[in-house]
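# Sharing a model that was predicted from the sequence below.
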Amino acid sequence: MHKRQFIKNVLLAGIGTPIGMSSFAQSFENKKNVPANTLASDDAFWNEIRNQYILKPDYINLENGYYNFLPQPLLNKFIEHIKEVNLQGSYYMRTVQFENKKKITARLAGVAGCSADELIITRNTTESLDMVIGGLDWKAGDEAIMAYQDYGAMLDMFEQVQNRYGVKRIMLSVPNHPKNDEEIVSLYQNAISEKTKVILVSHMINISGQILPIRKICDMAHEKGVQVIVDGAHAFAHFQFKIEDLNCDYYAAALHKWLSTPLGAGMLYVRKDNIKKVWPLLADGEKDVNKINRLNHTGTHPVHTDLTINDSIDYFEMIGAERKEARLRYLQNYWTSKVRSNLKIVLNTPADASRSCAIANVGIEGIEPADLAKRLLNEHQVFTVAIDYANIRGCRICPNLYTTTAELDHFVKALTSLAKS
Ligand SMILES: Cc1ncc(COP(=O)(O)O)c(C=O)c1O
């Protein structure tokens with residue numbers, strides 16, 4: 001083999017090296033016939049995952065929504081990639097950088113349920129969504145529908161589009177406890193006018209954990225000729241779905257949240273016939289307007305983060321999407337079911353299991369959300385985040401796979417005693 005080809009093969013092989021945790025993987029193999037819903041309550045089994053994390057002893061972390069930091073096997077992989085790229089330097093960047101990214105994108109597309117030529121890896125959800133929001137061909141008078149519960153940075157981007165192009169933002173408010181999907185769909189439907197160009201909608205509202213009926217919203221919107229941009233920052237690798245089944249136009253997600261990649265990884269799906277409708281954030285040499293690459297110019301960036309996406313997919317697939325979703329939903333129901341009937345405790349997340357997963361939001365009558373977060377941390381060593389806008393006033397509670405039911409018992413005790421105080 002030619003020497004250069006040999007080196008290239010070695011570099012390419014690097015992205016596929018197994019993650020090196022065979023005894024752990026064996027535990028999953030041993031449980032492969034146990035239904036996901038049964039395994040969800042098997043604390044001893046999930047404790048093996050917990051053992052793969054180094055956790056701070058100072059507090060119980062119930063704020064995993066911002067960043068799902070890495071378990072040790074993934075952290076080690078990330079460090080290996082940093083070392084390798086640092087060793088090869090420009091040689092890596094000039095030889096297999098793009099080929100590796102292409103391979104990883106193709107694998108990610110398989111997990112996301114879309115075609116590889118409709119997906120790009122970005123730095124985060126914000127970059128993905130803002131590329132679409134800022135890059136559409138807006139005309140003065142166009143209308144865009146969004147909710148007060150959508151993420152602030154996207155609402156800010158729409159405000160910029162409003163100031164820049166004369167687009168009108170139509171705001172609606174999503175109820176915390178909808179009666180059914182139709183109530184949500186008609187909220188969006190009633191906001192549509194003949195000027196509506198786009199709906200922005202969250203797959204999971206980040207401050208309450210409510211999952212919205214995206215497929216039904218998209219079907220309704222398309223009947224009226226309106227495009228739908230979905231903010232899936234919290235949905236991907238959290239609960240199961242395939243992007244293609246959602247019938248949306250654009251879908252953005254973070255990878256550093258539920259897929260547990262290192263910080264600085266996101267993705268953007270653009271349905272094939274929409275690729276030409278978006279002006280790229282950074283112009284690329286790809287001049288074919290139908291090729292997704294034209295939206296993926298990044299400049300030089302931390303390629304070792306991209307490489308670790310492959311390992312994070314290994315880890316995710318070893319756990320299994322169904323098992324992960326079932327355990328996360330179990331953990332949320334475990335604590336919410338213990339406090340839902342307490343009249344002083346307010347849950348801002350629907351009780352219906354299909355409308356939530358790991359995340360829920362809780363307030364206490366008479367305690368400001370910021371004070372609640374402070375008291376949970378200072379008096380009970382529970383770390384959360386206070387939310388106090390739109391119709392959501394409380395602390396967001398976001399466990400992860402390493403969270404134990406004993407920690408949640410401690411949290412429930414803390415909530416109950418604060419509610420009494
Ligand atoms: C609903 C939602 N959208 C967008 C974002 C921004 O994500 P990123 O930090 O990946 O840009 C977040 C972050 O928490 C979010 O919760």
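Received the coordinates, thanks.
# which stretches of the stretch 251-400 of the chain form strands?
Using DSSP state E, counting those that start in this stretch, the strands of the stretch 251-400 of the chain run over residues 266-270, 345-347, 360-364, 382-383, 385-389, 392-397.
# need the residues of this structure near the ligand, please.
Counting by CB under 6 Å from any ligand atom, the residues of the chain lying close to the ligand are Asn124, Thr125, Thr126, Tyr151, Ser202, Asn206, Asp231, Ala233, His234, Ala254, Gly266. Just so you know, the C-beta spots here come from the backbone N, C-alpha and C atoms, and that holds for glycine as well.
# Just put these in JSON lines and tack on pLDDT and secondary structure.
Converted to JSON lines, these look like this (pLDDT from 0 to 100; DSSP: H, G, I helix; E, B strand; the rest coil):
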{"residue": "Asn124", "pLDDT": "98", "secondary structure": "coil"}
{"residue": "Thr125", "pLDDT": "98", "secondary structure": "helix"}
{"residue": "Thr126", "pLDDT": "98", "secondary structure": "helix"}
{"residue": "Tyr151", "pLDDT": "98", "secondary structure": "coil"}
{"residue": "Ser202", "pLDDT": "98", "secondary structure": "strand"}
{"residue": "Asn206", "pLDDT": "98", "secondary structure": "coil"}
{"residue": "Asp231", "pLDDT": "99", "secondary structure": "strand"}
{"residue": "Ala233", "pLDDT": "98", "secondary structure": "coil"}
{"residue": "His234", "pLDDT": "98", "secondary structure": "coil"}
{"residue": "Ala254", "pLDDT": "98", "secondary structure": "strand"}
{"residue": "Gly266", "pLDDT": "98", "secondary structure": "strand"}
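# Those residues into JSON lines, with extra columns for neighbour count?
Output for the residues of the chain next to the ligand, formatted as JSON lines (neighbours: other CB atoms under 10 Å):
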{"residue": "Asn124", "neighbour count": "21"}
{"residue": "Thr125", "neighbour count": "26"}
{"residue": "Thr126", "neighbour count": "19"}
{"residue": "Tyr151", "neighbour count": "21"}
{"residue": "Ser202", "neighbour count": "25"}
{"residue": "Asn206", "neighbour count": "26"}
{"residue": "Asp231", "neighbour count": "28"}
{"residue": "Ala233", "neighbour count": "26"}
{"residue": "His234", "neighbour count": "26"}
{"residue": "Ala254", "neighbour count": "30"}
{"residue": "Gly266", "neighbour count": "25"}
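# Report the helix of this protein that spans the greatest number of residues.
Ranked by number of residues, the top helix in the chain under DSSP state H is helix 321-339.
# Which residue is the nearest non-sequential neighbour of Val339?
Using CB to CB, 6 or more residues apart in numbering and skipping the chain neighbours, the partner closest in space to Val339 is Ile345 (4.6 Å).
# From Ala358, how far out is His238?
To Ala358, His238 is 6 Å away according to CB to CB, to the nearest Å.
# Mind listing the shared neighbours of these two?
With contacts defined as CB atoms under 8 Å, 6 or more residues apart in numbering, the residues adjacent to both His238 and Ala358 are Leu328.
# returning to that earlier point: same for the longest helix of the chain, what does it pack against?
helix 36-39, strand 345-347, strand 360-364, helix 405-420 (3 or more CB pairs under 8 Å, 6 or more residues apart in numbering; DSSP states H and E).
# Buried residues in the longest one, which are they?
Across helix 405-420, burial judged by 16 or more other CB atoms under 10 Å covers Thr405, Glu407, Leu408, His410, Phe411, Val412, Ala414, Leu415, Thr416, Leu418, Ala419.
# Report the rounded mean pLDDT for that helix.
For helix 405-420, the mean pLDDT works out to 98.
# and it, how far from the chain's centre?
Put simply, helix 405-420 sits 27 Å off its chain's centre (CA atoms, centre = their mean, to the nearest Å).
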